[in-house]
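**Student:** got a predicted structure here, sequence first:
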Amino acid sequence: MKSQIMNQIGQTLQQARIARGMSIHDVASETRVTRASLEAIEAGDREALPAPVFTRGFVRSFAIAVGVEPEALLEQLAQTAEPIVEPASQSAPRPMPEMATAEHSSDHFALLLSDGYSDSTRMRFGPAALVLVAVVMFLAAWLMVGTSPERGPQTAQPETPVMHQNQTGGVSTTIGLDKR
């Protein structure tokens, strides 16, 4: 029955495509669905189609492109869908790792890096890590630029008038730096 429904959907879409004078290539260009998938839909070949969620999208796009109401076809397609059964190994939840606490751990740094902490606990260490990085950067900059005792603070010296003798024998006063 499921293959009959899929064949019926495929025939409906194929007839609508031919009635519009469209080729598979035209529909593939318009819908951006591969030719192989469109041909599989028309042939009712469920095995050649991808996962049901993609097949629904392909049928919807195909129907719209050829002028067929997609909802009726999608309802028929839903009847062919098989229930999803997960393997037993994946359906059972995995146990959470035990939460370790600082009181019970002798190695606090190993505890910090373990997967035992929740995200909220890790978030508390985020701001502290940022502050630590900022302090280290400040200290590095201070050491690179810092003051050395032999250089001492440098002060500007006031300008003092310097006497120059010009060629005419006269003395002129100019302001310049005193070279000591």
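**Tutor:** Structure received.

**Student:** only C-alpha atoms from now on, for both contacts and neighbour counts.
**Tutor:** Will do.

**Student:** how far away is Ile18 from Gly67?
**Tutor:** To Gly67, Ile18 is 11 Å away according to C-alpha to C-alpha, to the nearest Å.

**Student:** repeat that for Ser37.
**Tutor:** 18 Å.

**Student:** look at these two and report which has more neighbours.
**Tutor:** Ser37 (19 against 14; other C-alpha atoms under 10 Å).

**Student:** check whether that one really touches Arg46, as I assumed.
**Tutor:** No. Using C-alpha atoms under 8 Å, Ser37 is not in contact with Arg46; the gap is 9.7 Å.

**Student:** surely Gly21 forms part of a strand?
**Tutor:** No. Using DSSP: H, G, I helix; E, B strand; the rest coil, the assignment for Gly21 is coil, not a strand.

**Student:** that one: how many residues sit nearby?
**Tutor:** Gly21: 10 neighbours (other C-alpha under 10 Å).

**Student:** one more: Asp26?
**Tutor:** The number of residues near Asp26, taken as other C-alpha under 10 Å, comes to 14.

**Student:** that one sits in which helix or strand?
**Tutor:** Element membership for Asp26 (DSSP states H and E) is helix 24-31.

**Student:** okay, Arg35 and Gly126: tell me how far apart.
**Tutor:** For Arg35 relative to Gly126 (C-alpha to C-alpha), the value is 52 Å.

**Student:** with neighbour numbers in mind, choose between the two.
**Tutor:** Arg35 (15 against 11).

**Student:** quick one: the more buried one from Gly21, how far?
**Tutor:** Counting by C-alpha to C-alpha, the gap from Arg35 to Gly21 is 16 Å.

**Student:** with Val59 instead?
**Tutor:** Distance, Val59 to Gly21, by C-alpha to C-alpha: 19 Å.

**Student:** kindly report the same for Gly10.
**Tutor:** Counting by C-alpha to C-alpha, the gap from Gly10 to Gly21 is 16 Å.

**Student:** got it, and Leu49?
**Tutor:** Relative to Gly21, and taking C-alpha to C-alpha, Leu49 is found at 25 Å.
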